[in-house]
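Participant: sequence unknown, structure follows:
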């Protein structure tokens, strides 16, 4: 996972139901909204793209849908943010998918669904609210204790714990059912930009910002550090991700090296990945952890690594004309979707490294974030052009 929240987009816009085929993928823009940067509060764009629910020949426009994006674990609903309001959308239709949640507490910095989808956590300044997204009501009083913006939220896979990270340098563990504070971890000397659980829920990884710029591993049961602070590269930490099995933690920053650590000990996990050109802005593991995708900011390519051999699995994936900021594998691992500063999304066969279709264009600015629903049928993308788009995906290209 990255230190900012992720979603991406593709080609020209098409209305839902009026899509066309492209190399096995049917693409339709169902939603266009306003996006705020993941690392900053969500602000409304005064230039709404169109009247509410307006449908043109190529898109359905919903003004005020924006900001951070969270996808419900079943993939049927996703949430966006603008004006301190969370709106829910149906991923099948692009229409409203649930009640609007009006936070009324100032800027929203992070949102996340619980692992069972029954709670939606909304983080603001010094507090986190838990909502029942089906009825649009708060699930108890706001959780307080952080000082300043709460930048990141993560639920454990069981849903029994929720971790929050803030600019005050702390990580807090909560019982999301009762709202009880389980413990506070003094995690970093500067703001904590990211917190994420391992798949088994036994470990936490955090990434610091400001003058800290380290990655740390923590035992969830005790709140104790697993090792000394982990140095990624000079400068900021750009991306952090556990392998699916949770045994390896990968992180990247301003240098061209992707660091890999054993999560049980904090020791380096074998050979580090050094073949990237320039800073690595994004990374993501494929299904089963067999492949790791990394972006190379120096030459705008993506590299696929065989994690068993630590060697490139294919030739570099070349085609973007700007750095790749967001990437996701499809659930079956056969396709990698990448979004870049050039405003395009590209789809790649992970076995051959070949493009599976023409570039998907539509954003007029950098693509900052991308999500693929669990059934692999929808892409949700967000860009610096203040737009969020939902794309309909047909049959996956063969591996």
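Facilitator: Okay, I see it. Computed from a prediction, not measured in an experiment: that's the story for all the values here.

Participant: Tell me the spacing between residue 156 and residue 162.
Facilitator: When CB to CB, to the nearest Å is the yardstick, residue 156 and residue 162 sit 7 Å from each other. C-beta coordinates here come from the backbone N, C-alpha and C atoms, glycine included.

Participant: What strands line up against the biggest strand by length in the chain, and which way round?
Facilitator: Of all segments of type strand in the chain, defined using DSSP state E, the longest is strand 143-155. Here strand 143-155 has these sheet partners by DSSP bridges: strand 125-132 (antiparallel), strand 162-166 (antiparallel).

Participant: Give me the below-cutoff pLDDT ranges for the stretch 51-200 of the chain.
Facilitator: Scanning the stretch 51-200 of the chain with the threshold set as pLDDT under 70 gives 51-67.

Participant: Apply 80 and report the result again.
Facilitator: 51-68, 82-83, 103-105 (pLDDT under 80).

Participant: Packed most tightly, which of the strands paired with strand 143-155 would that be?
Facilitator: strand 162-166 (a mean of 27; mean count of other CB atoms under 10 Å).

Participant: tell me how far stretch 361-370 is from the chain's mean position?
Facilitator: Put simply, stretch 361-370 sits 14 Å off its chain's centre (CA atoms, centre = their mean, to the nearest Å).

Participant: Pull out the buried residues from that stretch.
Facilitator: The neighbour-count check on stretch 361-370 (16 or more other CB atoms under 10 Å) flags 361, 362, 363, 366, 367, 368, 369, 370 as buried.

Participant: The second one touches residue 390, doesn't it?
Facilitator: No - when contacts are counted by CB atoms under 8 Å, residue 362 is not listed as touching residue 390 (11.4 Å).

Participant: Look at residue 222 and say how many residues are nearby.
Facilitator: A count of neighbours around residue 222, defined by other CB atoms under 10 Å, yields 9.

Participant: mind listing what it touches?
Facilitator: Neighbouring residues of residue 222 by CB atoms under 8 Å, 6 or more residues apart in numbering: there are none.

Participant: That one in helix, strand or coil?
Facilitator: Using DSSP: H, G, I helix; E, B strand; the rest coil, the secondary structure recorded for residue 222 is coil.

Participant: and it, how far is that from residue 200?
Facilitator: With distances defined as CB to CB, the gap from residue 222 to residue 200 amounts to 15 Å.

Participant: Any idea what residue 181 is bridged to?
Facilitator: What pairs with residue 181, by the bridge criterion (DSSP bridges), is residue 174.

Participant: give me the low-pLDDT residue ranges for the stretch 251-399 of the chain?
Facilitator: Confidence mapping of the stretch 251-399 of the chain against pLDDT under 80 gives the ranges 386, 392-399.

Participant: cutoff 70 now
Facilitator: Within the stretch 251-399 of the chain, the stretches falling below the threshold (pLDDT under 70) are 393-399.

Participant: Now name the helix or strand holding residue 79.
Facilitator: strand 77-82 (DSSP states H and E).

Participant: That strand vs strand 125-132, what angle?
Facilitator: Here strand 77-82 points in a direction 150 degrees away from that of strand 125-132 (axes from the mean of the first three to the mean of the last three CA atoms, to 10 degrees).

Participant: which outside residues touch whichever helix or strand comes after strand 77-82?
Facilitator: Note on strand 77-82: by DSSP H and E, the next helix or strand toward the C-terminus is strand 85-90. Under the contact criterion CB under 8 Å, 6+ apart, strand 85-90 has outside partners 31, 62, 64-65, 76-81, 95-103, 108, 111, 120, 122, 131, 133, 390.

Participant: Show me which of those residues are buried.
Facilitator: Among the contacts of strand 85-90, those scoring as buried are 31, 62, 64-65, 76-81, 97-99, 101, 103, 108, 111, 120, 122, 131, 133, 390 (criterion: 16+ other CB under 10 Å).

Participant: residue contacts, residue 304?
Facilitator: Counting by CB under 8 Å, 6+ apart, residue 304 touches 291, 292, 293, 312, 313, 314, 317, 336, 350, 353.

Participant: nearest to residue 182, of those?
Facilitator: Using CB to CB, the shortest approach to residue 182 within the contacts of residue 304 belongs to residue 292, at 31.9 Å.

Participant: quick one: secondary structure of the closest one?
Facilitator: The three-state assignment at residue 292 reads strand, by three-state DSSP.

Participant: Contacts only, for it.
Facilitator: Contacts were defined as CB under 8 Å, 6+ apart; by that measure residue 292 touches 250, 258, 273, 283, 284, 285, 286, 304, 305, 307.
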